[in-house]
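S.K.: Pasted the sequence and its predicted model underneath.
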Amino acid sequence: MFASGTGTNFKAILLSRKRNKIKSDINLLISNNSDCGAVKIAKESGIDFKIINRNFYPGLSDKNFDDLFLKELRKSKIDFIVLAGYMKLLNKEVLRKYKNRIINIHPALLPSFGGKGMYGANVHRAVIASGAKVSGITIHFADEKYDEGKIIFQKCCDVDFEDDENSLSQKIRKLEHKFYPEIIRKFEEKKVLILKNKVKVI
Ligand code: GRF
């Protein structure tokens, strides 16, 4: 798992593993932020974690920086990557080596309300300001652009007239915590297929 923030999705996925709702072992958390909630959860749960931040390696070439990730992923025998609020773009080598094996979750219905700067409360604020009557979650493959990989799964919720960014964020989090583990399970069961450049979930 890769995460930079509070880590509620990370926690929900760990809980699903504990309850045997998903079968994969969660062997490693990679974060760019040693102070974040996700790292705290990893520490409490005994999950290995690694902080990799470009600022710590000013002299390193891009290639060698990429290798740091690959080394850690290899060491922990990672075959699938789940992004949950990871605030950096993944580097090319990781994307290439894990093609179609990296998924991300976005707190709105892509392709609307995505892209650079569209994270956290910014997304919910933009949704509310647009007057949209529905929002939701999007689980998608990660690629070299923010929020542009193939869409795997979406689920809507109503945006009520009274909603503000906090109440909308609560609705969205609920959906994320329920459906992200369910989609991971679909991958485990090989029920996520890419056909004609689109994704079919059986
Ligand atoms: C989630 O809303 C997710 O959609 C987005 O980042 C947020 C992470 O939240 N990519 P948390 O750290 O899991 O609580």
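M.R.: Now that the structure is in, tell me what you want to look at. Residues are numbered from 1 along each chain as shown.
S.K.: How much space separates Glu188 from Gln154?
M.R.: Glu188 sits 20 Å away from Gln154, going by Cβ to Cβ, to the nearest Å. For every residue, glycine as well, the C-beta is placed using N, CA and C.
S.K.: nope, Ile41 is what I was after
M.R.: Applying Cβ to Cβ, the value for Ile41 to Gln154 is 26 Å.
S.K.: Tell me which of those two has more neighbours.
M.R.: Using other Cβ atoms under 10 Å, the more surrounded residue of Ile41 and Gln154 is Ile41, with 20 against 16.
S.K.: Let me see the contact set for Val123.
M.R.: When contacts are counted by Cβ atoms under 8 Å, 6 or more residues apart in numbering, Val123 is found next to His106, Pro107, Ala108, Phe113.
S.K.: Can you lay out those as JSON lines showing pLDDT, neighbour count and secondary structure?
M.R.: What follows is those, written out as JSON lines (pLDDT from 0 to 100; neighbours: other Cβ atoms under 10 Å; DSSP: H, G, I helix; E, B strand; the rest coil):
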{"residue": "His106", "pLDDT": "96", "neighbour count": "26", "secondary structure": "strand"}
{"residue": "Pro107", "pLDDT": "97", "neighbour count": "26", "secondary structure": "coil"}
{"residue": "Ala108", "pLDDT": "98", "neighbour count": "23", "secondary structure": "coil"}
{"residue": "Phe113", "pLDDT": "96", "neighbour count": "21", "secondary structure": "coil"}
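S.K.: just the residues you listed that are near the ligand?
M.R.: Applying Cβ under 6 Å from any ligand atom, the subset of those adjacent to the ligand comprises His106, Pro107.
S.K.: Ramachandran angles for Val19?
M.R.: Rather than Val, residue 19 is Arg. Backbone geometry at Arg19, expressed as degrees, to the nearest 10, gives phi -90, psi 10.
S.K.: and it, how many residues sit next to it?
M.R.: Using other Cβ under 10 Å, Arg19 has 9 neighbouring residues.
S.K.: What backbone torsions are found at the residue nearest to Asn53 when sequence neighbours are not counted?
M.R.: Distances taken as Cβ to Cβ, 6 or more residues apart in numbering place Asn32 nearest to Asn53, at 4.6 Å, with adjacent residues excluded. Asn32 adopts backbone torsions of phi -100, psi 0, taken as degrees, to the nearest 10.
S.K.: For stretch 24-38, buried residues please.
M.R.: Within stretch 24-38, the residues scored as buried using 16 or more other Cβ atoms under 10 Å are Ile26, Leu28, Leu29, Ile30, Ser31, Asn32, Asn33, Cys36, Gly37, Ala38.
S.K.: How about the contacts made by Met87?
M.R.: The contact partners of Met87, taken as Cβ under 8 Å, 6+ apart, are Ser4, Gly5, Asn32, Asn33, Tyr119.
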